[in-house]
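Q: coords please:
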Amino acid sequence: MTLTPLTRAAARAWIRDVHRRLSPPLGDVIRVGLQIDGVLVGVAMAGRPVARMLDNGLTLEVTRVATTGQRNACSMLYGAIRRAATALGYTRLVTYTLEHEPGSSLRAAGWVQTGTTGTGEWSRPSRARRPAEQPAPKRRWTMDLA
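A: Residues are numbered from 1 along each chain as shown. Now for the predicted structure:
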């Protein structure tokens with residue numbers, strides 16, 4: 001397996017076709033692809049944290065990781081995002097999984113589960129937001145880079 005750079009459009013298109021439950025994120029700071037013999041088999045994207053309290057300028061959120069199921073592909077993508085974020089001066093990564101997902105690739109890549117989220121909606125009467133795609137409790141995973 002070989003890591004490869006991708007354009008935002010290519011990463012979003014691939015995630016749209018492959019990810020099992022979520023649409024691609026609108027924006028990102030870092031994106032990376034994973035190929036086998038020139039064929040794309042995985043994509044990861046990271047950007048500013050969705051939760052405004054985490055958006056301190058030094059934290060990135062891994063917003064999507066999608067693969068076609070190759071062994072160790074997710075761990076390789078998480079590792080690539082970590083190295084790129086470190087090189088750019090970020091000090092922390094955060095990501096989320098659904099409660100029923102085991103997080104094996106995150107643990108393998110050195111992430112630590114640090115909490116859970118509620119099922120609340122972002123929308124408020126004073127600032128309407130689009131509904132969450134997956135309104136379910138999630139596990140928060142973090143990795144300190146400093």
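
Q: surely Ala80 meets Pro5?
A: No - the pair Ala80 / Pro5 is not scored as a contact, 10.2 Å apart, by C-beta atoms under 8 Å. For glycine as for every other residue, the C-beta is placed from the backbone atoms N, C-alpha and C.

Q: for the protein, what's the longest helix?
A: helix 73-87 (DSSP state H).

Q: Residues in contact with that one: which ones?
A: Helix 73-87 is contacted by residues 1, 3, 30, 32, 34, 41-44, 46, 60, 62, 65, 67, 93, 105-106, 108-111, 143, 145 when judged by C-beta atoms under 8 Å, 6 or more residues apart in numbering.

Q: which of those count as buried?
A: Taking 16 or more other C-beta atoms under 10 Å as the criterion, what is buried in these is 1, 3, 30, 32, 34, 41-44, 46, 60, 62, 65, 67, 93, 105-106, 109, 111, 143, 145.

Q: picking up where we left off before, tell me the angle of the following helix or strand past the longest helix of the chain relative to helix 73-87?
A: From helix 73-87 onward toward the C-terminus, using DSSP states H and E, the following helix or strand is strand 92-98. Angle, strand 92-98 to helix 73-87, by axes from the mean of the first three to the mean of the last three C-alpha atoms, to 10 degrees: 150 degrees.

Q: other SSEs contacting strand 92-98?
A: Strand 92-98 sits against strand 59-67, helix 73-87, strand 138-144, with contacts defined as 3 or more C-beta pairs under 8 Å, 6 or more residues apart in numbering; DSSP states H and E.

Q: in the second one, what's buried?
A: Neighbour-count burial for helix 73-87, with 16+ other C-beta under 10 Å as criterion, is recorded at 73-82, 84-85.

Q: Output these as CSV; include the columns pLDDT and distance to Arg139.
A: Shown next, in CSV, are the buried residues of helix 73-87 (pLDDT from 0 to 100; distance: C-beta to C-beta, whole Å):
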residue, pLDDT, distance to Arg139
Ala73, 94, 21
Cys74, 92, 15
Ser75, 91, 17
Met76, 94, 21
Leu77, 95, 18
Tyr78, 94, 15
Gly79, 94, 20
Ala80, 96, 22
Ile81, 96, 18
Arg82, 96, 18
Ala84, 97, 24
Ala85, 97, 20
